[in-house]
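**Student:** I'd like to go over a predicted model; first the sequence, then the structure.
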Amino acid sequence: MDSPTPSGTAIANPRSAAPLASPGETRKIIAEFQDVERHYQMGSTTVKALDGVSIRIHEGEYVAIMGRSGSGKSTLLNLMGCLDRPTGGEYVLGETPVSQLDDDDLSEVRGKTIGFIFQSFNLIPQLTVLENLEVPLFYQGRVGIESRQKAEVLAKRVGLDGRLDHKPMELSGGQQQRVAIARALMNDPLFLLADEATGNLDSKTEGEILRILDELHDEGVTIVMVTHNPKVADRAERTIWLKDGYVEQVVFNRGQDGSPLRTPARSDAR
Ligand SMILES: Nc1ncnc2c1ncn2[C@@H]1O[C@H](COP(=O)(O)OP(=O)(O)O)[C@@H](O)[C@H]1O
Ligand SMILES: [Mg+2]
């Protein structure tokens, strides 16, 4: 599917000079891509899924990633989420240069610092909501009374109280995505990464999920979301447009204080 033409307060950039932050940005950098490459060798051909991407994510920011199919969005999100390593450049997560980590360290960093939300929810069907929420902590040997209490608090926060004993099959799509959001928050992640998190939902349910993400963002949670939907991207502070594995353009929707930066002609999707 082709993405629409970017609009808003656009700053068009030559390939190497996309702005790294909105003017006046003062928040701490929690993740930084420094000229990141992810090349795949396919026989004699090199597929440059990412080809020199520099991005900074600031604490508490809400960033949307857009671009046509094949532009490198999932590759970028997978690298950011430590599911994969760059083949060139460096990714610094917190203080950690990720390229240097071996597989074990990479998965440890992932388990402790990343919360993922997927389009297909990725819940475990045999487990109850409570057990699904405890999965991230289970791998760290941290399941017990505390994890149960935490699951209860988070279930309530996403509007799922009273459903802890249900299996995913007994829940609607929207409810399943709420479980996935709560699960992503169980390890107090540095940020939430969402790949088309509302792509499988009807528009009413999508609105409910986006409202939860807005609330989490208001509470200080950092969110990076891949989306095809400009209405979804409108909720973000900034949209990074990818094209052929590089940052084509960065669009600032609003400032750090939430003030709109966009042209008045553009209606707000909220
Ligand atoms: N494992 C892989 N092996 C070879 N090429 C890949 C692999 N993963 C992604 N690619 C290629 O990298 C490019 C970017 O893919 P992807 O990040 O999935 O794009 P998007 O999520 O924007 O649709 C595409 O050309 C895709 O075919
Ligand atoms: Mg993708």
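**Tutor:** Structure received. Ligands and ions are numbered 1, 2, ... in the order given.

**Student:** only C-alpha atoms for contact and neighbour calcs from this point on.
**Tutor:** Fine.

**Student:** how about the helices in the protein?
**Tutor:** All helices of the chain, identified by DSSP state H, fall at 73-80, 103-113, 129-138, 145-157, 173-185, 203-218, 230-233.

**Student:** and the longest one, what other elements does it pack with?
**Tutor:** By that I understand helix 203-218. Counting contacts by 3 or more Cα pairs under 8 Å, 6 or more residues apart in numbering; DSSP states H and E, helix 203-218 is packed against helix 173-185.

**Student:** Quick check: mean pLDDT of the helix it packs on?
**Tutor:** Averaging pLDDT along helix 173-185 gives 95.

**Student:** mind giving me TSV with the helices of the chain and columns for distance to ligand 1 and mean neighbour count?
**Tutor:** As requested, the helices of the chain are exported to TSV (distance: least, Cα to the nearest ligand atom, whole Å; neighbours: other Cα atoms under 10 Å):
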stretch	distance to ligand 1	mean neighbour count
helix 73-80	4	21
helix 103-113	17	16
helix 129-138	25	22
helix 145-157	29	17
helix 173-185	20	24
helix 203-218	20	16
helix 230-233	15	18
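
**Student:** Let's have the ones you listed in CSV, adding distance to Thr87.
**Tutor:** CSV is the format used below for these (distance: least, Cα to Cα, whole Å):
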stretch, distance to Thr87
helix 73-80, 10
helix 103-113, 14
helix 129-138, 28
helix 145-157, 37
helix 173-185, 27
helix 203-218, 32
helix 230-233, 29
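
**Student:** check contacts around Asn200.
**Tutor:** Residues in contact with Asn200 (Cα atoms under 8 Å, 6 or more residues apart in numbering) are 119-120, 173.

**Student:** any idea which of those is closest to Gly141?
**Tutor:** Ser120 (26.2 Å; Cα to Cα).
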